[in-house]
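>>> curious how this folds, go ahead:
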Amino acid sequence: MQIPLDQFVSFFKSINHFDRDNGLEFEIHSPGEITYKMIIQEKHLSSPNTAHGAVIAGFMDCVLGLSALSLAVTEGNLTSTVEFKLNFIKPALLGNELIGTGRVEHKGKSLLISTGEVRLKETGELVAKGQGTFNTYPMSKKGFTNDIHS
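This is a model prediction of the structure:
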């Protein structure tokens, strides 16, 4: 069963505590192509002015994962992360606004591969690059179909 993206977005925002707790916002441009935004806050720091690497990794997982999920839900599927690779390029500092872009590069029978970039909004400088592999499986396995449609 296919799920319209507008219904999915409302449902996803209502259950996604990670995004809410970390001030993340996203936009789905089309199935498989997304943009995420995040501002580095004091709670994200590992030193006086620098974001912890785990914050960038978590943000990248969101970028890669939502690009895959935004395509999968249109076919009635959910996704789970199989693996992802992350290259840290430049540190993110307190107050930096990060823009993450993700897109699905390959769609197989049960695996999706997406790529992502995280850049500083202020300068466009690259903060991190990533690639992820995601397993797809029917929504009915998690019992979400009725929740999304209501």
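>>> so residue 33 touches residue 103, yeah?
Yes: using C-beta atoms under 8 Å, residue 33 is in contact with residue 103, at 4.7 Å. Quick note: C-beta positions are derived from backbone N, CA and C, even for glycine.
>>> report the beta-bridge partner residues of the nearest residue to residue 24 once chain neighbours are set aside.
In space, and not counting its chain neighbours, residue 24 is closest to residue 38: 5.0 Å by C-beta to C-beta, 6 or more residues apart in numbering. Listed by DSSP bridges, the beta-bridge partners for residue 38 are residue 98.
>>> same question for residue 45.
With DSSP bridges as the rule, residue 45 is bridged to residue 51.
>>> for the residue nearest to residue 24, give me its contacts.
In this structure, residue 38 makes contact with 22, 23, 24, 25, 59, 97, 98, 100, judged by C-beta atoms under 8 Å, 6 or more residues apart in numbering.
>>> drop anything exposed from these.
Buried subset of the contacts of residue 38 (neighbour count, 16 or more other C-beta atoms under 10 Å): 22, 24, 59, 98, 100.
>>> and the contacts of residue 38, which of them are in helices?
22, 59 (DSSP state H).
>>> picking up where we left off before, mind listing the shared neighbours of residue 33 and residue 103?
Here residue 33 and residue 103 share the contacting residues residue 67, scored by C-beta under 8 Å, 6+ apart.
>>> more neighbours, the two?
Shown here are residue 33 and residue 103; by other C-beta atoms under 10 Å, residue 103 has more neighbours (19 against 16).
>>> how about residue 66, nearest residue that isn't a chain neighbour?
Closest to residue 66 by C-beta to C-beta, 6+ apart is residue 34, at 4.9 Å.
>>> neighbours around residue 28, how many?
Residues near residue 28, counting by other C-beta under 10 Å, number 20.
>>> show me what contacts residue 73?
Residue 73 is in contact with 3, 5, 8, 31, 139, 148, counting by C-beta under 8 Å, 6+ apart.
>>> turn the contacts of residue 38 into a markdown table, columns for pLDDT and distance to residue 73.
Shown next, in a markdown table, are those (pLDDT from 0 to 100; distance: C-beta to C-beta, whole Å):
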| residue | pLDDT | distance to residue 73 |
| --- | --- | --- |
| 22 | 90 | 22 |
| 23 | 91 | 24 |
| 24 | 94 | 18 |
| 25 | 95 | 19 |
| 59 | 97 | 21 |
| 97 | 98 | 27 |
| 98 | 98 | 24 |
| 100 | 98 | 19 |
